[in-house]
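>>> The sequence and its predicted three-dimensional model are supplied below.
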Amino acid sequence: MFQNAKTVTPRLVRQYTAKAKRTVLGQDTTKIKNYEPKISGAHENRVYVWGFQETGALGLQTNVKKAQERYTEMVHHPTRLQFSNNNDITDVAAGYGFTAYAVKRSDGETLFGSGINTDSQLGLHLKPKGPKEQSQLDVIIYPTAIRLPRVAGDTDEGMQVRCMSAGRAHLVVVTQNGTVFTLGNNSYGQCGRLIIEEENYARSAVIHRIPQSDICGETDEIVSVECGQDHTMFLTKLGKVYTCGWGADGQTGQGNYYSAGAITLIAGDIERERIVRIACASDCVLALNEHGDVFGWGNSEYGQLDDSPDAEIQLCTPRALKLTKDMGRVKDVAAGGSFCMALNDQGLVYTWGYGILGFGPYVEQTSRPQHLLPPLFGRNDFSNATTVVSIGCGVFHMGAINSDGDLFMWGKNRFGHLGLGHKKDQFFPFKAALNGKVSKVAYGVDHTVALCRPHV
């Protein structure tokens, strides 16, 4: 009887009066809030730092007592540098426990530094208060201006940093007006000046100034500088390489194993080549020409430069490498303490030598270059076009930047300088958590500095 009965639900209809209806339809749209995403600051770049902080190299602390506390010894995650929020940083360089920053400022200051300053590698900085005999600041915990000496005619634009690099205890800076400035330890001639026996580098106000023309002549110019542990290399626009400093392992490439304070043009197999890239973190050097061929010199103790049974363990003259011939066209290289890296035009990363090479905990040495799988660097079914665009390394760790601006790191991690949240060694490439697109990384021996662009 009730099977065909239908339940009737009363329909609720909102009734408006004529006046209320007009009010609803006539809302003031100017009072409706529009969502606007927060845009990054006016500065083009932001800087993230991580690793060993006790030296002051990270430039995060502003209080000396807090900097000495145990829990601030290391920073395990990439941390945004406050100094980069207030300054337009254009370049970074990481040495052994110190960092240099190239900046653009309205007051004319172009170079800042923080970290260890025992050899005046960051310039002369005296304690503001103290006894009559002022003492130098051996540790600078926050980025401080390094005032490069000027001569008549030098402008703020001309003193902007073109390129720079840092070694174990020295810093080399090339400015836009073609002047080379060297600071710090010169025990082996790495600052490009005469070696003075028993020279005291503490409390030294010496900043050596070298005109570019004195190195490569009037028709050429320096486009890049690379510092090894205790030697320096200059790359020019015409593809020539000039070196000075410690040569005990042949890393200066001058055909001998002596130290040299005179900056000298090197030859060997690169004499008729146009070199476009040089790389060195310690005492093994790799160079790349415009055709993608790789050359090397210096320490080859683990077969980094030659894998033949009777290979020399030290090369004092640049030599074309045979072991990289099967890679195809190489577009980037990097050389660490006991290993080497290469990136070909297909985006494949090759590693060889001795150390944590990225193949897992059971592979610590290989004399033949082997490539790491692309999925380790972010390539997957949803991002099939992702590829590695640049590589780099420190003495004991490696890094790679992909086309999405992500940084992947692996290697020794004693000081937390891989930025992975711990101090354990990392045997495969692992993505570091940075809030920005990475454009350049400076790999120190115990800390890392990344120059990034904001996502928005």
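Arrived safely.
>>> what about Thr219, neighbour count?
Applying other C-beta atoms under 10 Å, we find 9 other residues in the vicinity of Thr219. C-betas here are computed from N, CA, C, even on glycine.
>>> Dihedrals phi and psi, it?
Per-residue torsions, Thr219: phi -90, psi 0 (degrees, to the nearest 10).
>>> where's it relative to Pro211, distance?
Separation of Thr219 from Pro211 (C-beta to C-beta, to the nearest Å) stands at 14 Å.
>>> now swap in Phe234 and tell me
From Phe234 to Pro211 the distance is 13 Å (C-beta to C-beta).
>>> ditto for Leu357
Leu357 is 42 Å from Pro211, by C-beta to C-beta.
>>> Same question for Gly178.
For Gly178, the distance to Pro211 - C-beta to C-beta - is 7 Å.
>>> Neighbour count for the two, which is higher?
Higher neighbour count among Gly178 and Pro211: Gly178, with 17 against 11, using other C-beta under 10 Å.
>>> Not counting sequence-adjacent ones, nearest residue to the more buried one?
In space, and not counting its chain neighbours, Gly178 is closest to Gln212: 3.6 Å by C-beta to C-beta, 6 or more residues apart in numbering.
>>> go on, Ser165?
Cys227 (4.1 Å).
>>> That neighbour and Val173 touch, don't they?
No - here Cys227 does not reach Val173: they are 10.7 Å apart, not a contact under C-beta atoms under 8 Å.
>>> element containing the closest residue to Pro78 other than its chain neighbours, please.
Leaving aside its sequence neighbours, Pro78 sits nearest to Tyr48 (C-beta to C-beta, 6+ apart; 4.1 Å). Applying DSSP states H and E as the criterion places Tyr48 in strand 46-52.
>>> so who does the residue nearest to Pro78 touch?
Pro78, Thr79, Arg80, Leu81, Leu434, Asn435, Gly436, Val449, Ala450, Cys452 (C-beta atoms under 8 Å, 6 or more residues apart in numbering).
>>> Among those, list the two that are farthest apart in space.
Asn435 and Val449 (15.2 Å; C-beta to C-beta).
>>> So for those two, which residue has more residues nearby?
Comparing Asn435 with Val449 by other C-beta under 10 Å, the one with more neighbours is Val449, at 27 against 12.
>>> for the stretch 151-300 of the chain, what spans make up the helices?
212-216 (DSSP state H, counting those that start in this stretch).
>>> about what we covered before: which of the contacts of Tyr48 are buried? Put it as a PyMOL command.
The following PyMOL line selects those of those that are buried, judged by 16 or more other C-beta atoms under 10 Å:
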select buried, resi 78+79+80+81+434+436+449+450+452
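>>> so which of the contacts of Tyr48 comes closest to Ile196?
For those, the nearest to Ile196 is Val449 (31.6 Å; C-beta to C-beta).
>>> and the closest one, what does it touch?
Going by C-beta under 8 Å, 6+ apart, the list of residues near Val449 reads Val47, Tyr48, Val49, Val92, Ala94, Thr99, Val441, Ala442.
>>> rerun at 6 Å
Val49, Val92, Ala94, Thr99, Ala442 (C-beta atoms under 6 Å, 6 or more residues apart in numbering).
>>> who wins for most neighbours among those?
Thr99 (31 neighbours).
>>> can I assume that residue is in contact with Asn117?
No - assessed by C-beta atoms under 6 Å, Thr99 is found out of contact with Asn117, at 11.3 Å.
>>> Nearest spatial neighbour of Leu343, chain-adjacent residues omitted?
Here the residue nearest Leu343, using C-beta to C-beta, 6+ apart, is Asp332, at 4.1 Å.
>>> burial count for that neighbour?
23.
>>> Before we move on, what's the pLDDT of Arg203?
In this model, Arg203 is scored at 87, pLDDT.
>>> try Asn63
Residue-level pLDDT assigned to Asn63 equals 73.
>>> give me the beta-bridge partners of the residue nearest to Ser165?
Judged by DSSP bridges, the bridge partners of Cys227 are Thr232.
>>> Could you report the neighbour count for it?
24.
>>> From Ala94, how far off is it?
Taking C-beta to C-beta, one finds Cys227 at 10 Å from Ala94.
>>> just Ala100 next, same as before
Relative to Ala94, Ala100 is positioned 8 Å away (C-beta to C-beta).
>>> what bits of this structure have low per-residue confidence?
1-29, 31-32, 35-42, 64, 66-71, 128-134 (pLDDT under 70).
>>> mind redoing it with 50?
1-2 (pLDDT under 50).
>>> Check it and tell me which residue is nearest its centre.
With distances taken as C-alpha atoms, centre = their mean, the residue of the chain nearest its centroid is Ala442 (1.5 Å).
>>> what is it paired to in the beta sheet?
Judged by DSSP bridges, the bridge partners of Ala442 are Val449.
>>> Now do the helices in the stretch 351-456 of the chain.
Under DSSP H, counting those that start in this stretch, the stretch 351-456 of the chain gives no helices.
>>> Strands along that one, start to end?
Using DSSP state E, counting those that start in this stretch, the strands found in the stretch 351-456 of the chain span residues 365-371, 388-393, 397-402, 407-411, 426-431, 437-443, 447-453.
>>> In a markdown table: these, plus distance to Asn344.
Below are the strands of the stretch 351-456 of the chain laid out as a markdown table (distance: least, C-beta to C-beta, whole Å):
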| stretch | distance to Asn344 |
| --- | --- |
| strand 365-371 | 8 |
| strand 388-393 | 10 |
| strand 397-402 | 13 |
| strand 407-411 | 17 |
| strand 426-431 | 16 |
| strand 437-443 | 20 |
| strand 447-453 | 24 |
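>>> and of those, who's closest to Ile195?
Comparing those by C-beta to C-beta, strand 437-443 comes nearest, at 27.4 Å.
>>> tell me which residues of the closest one are tucked away?
For strand 437-443, the neighbour count (16+ other C-beta under 10 Å) marks Lys437, Val438, Lys440, Val441, Ala442, Tyr443 as buried.
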